[in-house]
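J.: this one's structure only:
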């Protein structure tokens, strides 16, 4: 399989983590590239499954040792993509699925030009705010995340696809369909075409 990173980005409340979990359950071709963060762990999160939760000192050490493919500061905390997490999935010939911020997504695209970037949005702003409230975000935190969301949406025009996350099952199917279509693109199948041409040419020479 000619694999490539699949990056899901969205404003807070866009549902990228939920969609990622459902994709991993429904399609064994994917593997989750876990992000390291200095953000405090939420009650429902598990270290090493949802994120690698690290201290500021540990994050600094990882930067110094060049352990990140990319990293950025978002909502006053730092997030980074460890090289080891991503490369392990690629070596297993799986599709790395990544849930990172928009700046990180664009950095991944620079390093992996064939990566597919998907920007997720809820059906409307009210649903996004309701999702933040259900997570227990304070009014001040919601205000910060909304301000960040407005900035993030300016980057959305540089993504490959927009998917509206309304019904989870439909959203997951839409993303999997995008991935399936990407595998059919000619530029991802150059080696197959070259091998086909070479074999055909050799058969013609032999028979001629």
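T.: Nice, I can see it. A quick note: this is a predicted structure, and the numbers were derived from the prediction, not measured. Numbering: from 1, shown residues only.
J.: Residue 117 pairs with what?
T.: Bridge pairing for residue 117 (DSSP bridges) gives the partners residue 7.
J.: low pLDDT regions in the protein?
T.: Applying pLDDT under 70 to the chain picks out residues 1, 206-208.
J.: All the helices of it, residue numbers only.
T.: 16-26, 56-64, 83-91, 102-111, 125-134, 139-155, 168-183, 190-207 (DSSP state H).
J.: can you put these in JSON lines and add distance to residue 35?
T.: For every residue, glycine as well, the C-beta is placed using N, CA and C. Converted to JSON lines, the helices of the chain look like this (distance: least, C-beta to C-beta, whole Å):
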{"stretch": "helix 16-26", "distance to residue 35": "10"}
{"stretch": "helix 56-64", "distance to residue 35": "11"}
{"stretch": "helix 83-91", "distance to residue 35": "8"}
{"stretch": "helix 102-111", "distance to residue 35": "8"}
{"stretch": "helix 125-134", "distance to residue 35": "20"}
{"stretch": "helix 139-155", "distance to residue 35": "16"}
{"stretch": "helix 168-183", "distance to residue 35": "19"}
{"stretch": "helix 190-207", "distance to residue 35": "31"}
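J.: and residue 49, which of the ones you listed is closest to it?
T.: Closest of the helices of the chain to residue 49 is helix 16-26, at 9.7 Å (criterion: C-beta to C-beta).
J.: So for the closest one, what gets flagged as buried?
T.: Neighbour counts over helix 16-26 (16 or more other C-beta atoms under 10 Å) mark 16, 18-23 as buried.
J.: what's the closest of the residues you listed to residue 92?
T.: residue 23 (16.2 Å).
J.: residues contacting the closest one?
T.: Shown in contact with residue 23 (C-beta atoms under 8 Å, 6 or more residues apart in numbering): 30, 97, 172, 175-176.
J.: Residue 67: what's it in contact with?
T.: Neighbouring residues of residue 67 by C-beta under 8 Å, 6+ apart: 80, 82-84.
J.: That should have said residue 96, apologies.
T.: Contacts of residue 96 by C-beta under 8 Å, 6+ apart are 3, 5-6, 30-33, 86, 89-90.
J.: and the residues you listed as a markdown table, adding neighbour count and distance to residue 157?
T.: Shown next, in a markdown table, are those (neighbours: other C-beta atoms under 10 Å; distance: C-beta to C-beta, whole Å):
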| residue | neighbour count | distance to residue 157 |
| --- | --- | --- |
| 3 | 19 | 26 |
| 5 | 23 | 20 |
| 6 | 25 | 19 |
| 30 | 21 | 26 |
| 31 | 19 | 29 |
| 32 | 19 | 27 |
| 33 | 28 | 24 |
| 86 | 20 | 25 |
| 89 | 20 | 28 |
| 90 | 16 | 28 |
